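# Dropping the sequence and predicted coords here.
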Amino acid sequence: MSERISLWIGRIMLPELREEKGQGAVEYALGVLVVASVIAVAMGGFTDKIKDFMDAAGTKLIDYIPA
């Protein structure tokens, strides 16, 4: 099913790709682009939570270091 979707996306976005030559590489690149974009957007939404978690973990670790 993902192959059909990537073919459909490739044909709509770049009509000259209707030929079979090199189509697999373009589909792969589009898939990677979509996944990378989703990850970037998701990480952007969680940056404050990740920072707060790391700050809390660092504070607790400092408590375990003998003075």
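Looks like it came in fine. Numbering: from 1, shown residues only.

# So which other helices or strands are in contact with the helix or strand encompassing Ile39?
According to DSSP states H and E, Ile39 maps onto helix 23-64. In terms of contacts (3 or more CB pairs under 8 Å, 6 or more residues apart in numbering; DSSP states H and E), helix 23-64 is packed against helix 2-13. To be clear about C-beta, it is placed using only N, CA and C from the backbone, and glycine gets the same treatment.

# same question for the helix it packs on, mean pLDDT?
For helix 2-13, mean pLDDT is 65.

# swap in stretch 52-67?
For stretch 52-67, the mean confidence score works out to 88.

# Kindly report the same for stretch 39-48.
87.

# Adjust the sequence numbering to begin at 81 for everything that follows.
Understood, numbering begins at 81; the last thing we discussed is stretch 119-128.

# and it, C-alpha only, in CSV?
Output of stretch 119-128 as CSV, limited to C-alpha atoms (Å, rounded to 0.1, in the frame of the first residue of the first chain):
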residue,chain,number,x,y,z
ILE,A,119,10.3,13.7,13.2
ALA,A,120,11.4,17.3,13.1
VAL,A,121,8.0,18.6,13.8
ALA,A,122,7.4,16.1,16.7
MET,A,123,10.8,17.0,18.3
GLY,A,124,10.1,20.7,18.0
GLY,A,125,6.9,20.2,20.1
PHE,A,126,8.7,18.2,22.8
THR,A,127,11.9,20.4,23.3
ASP,A,128,10.6,22.0,26.5
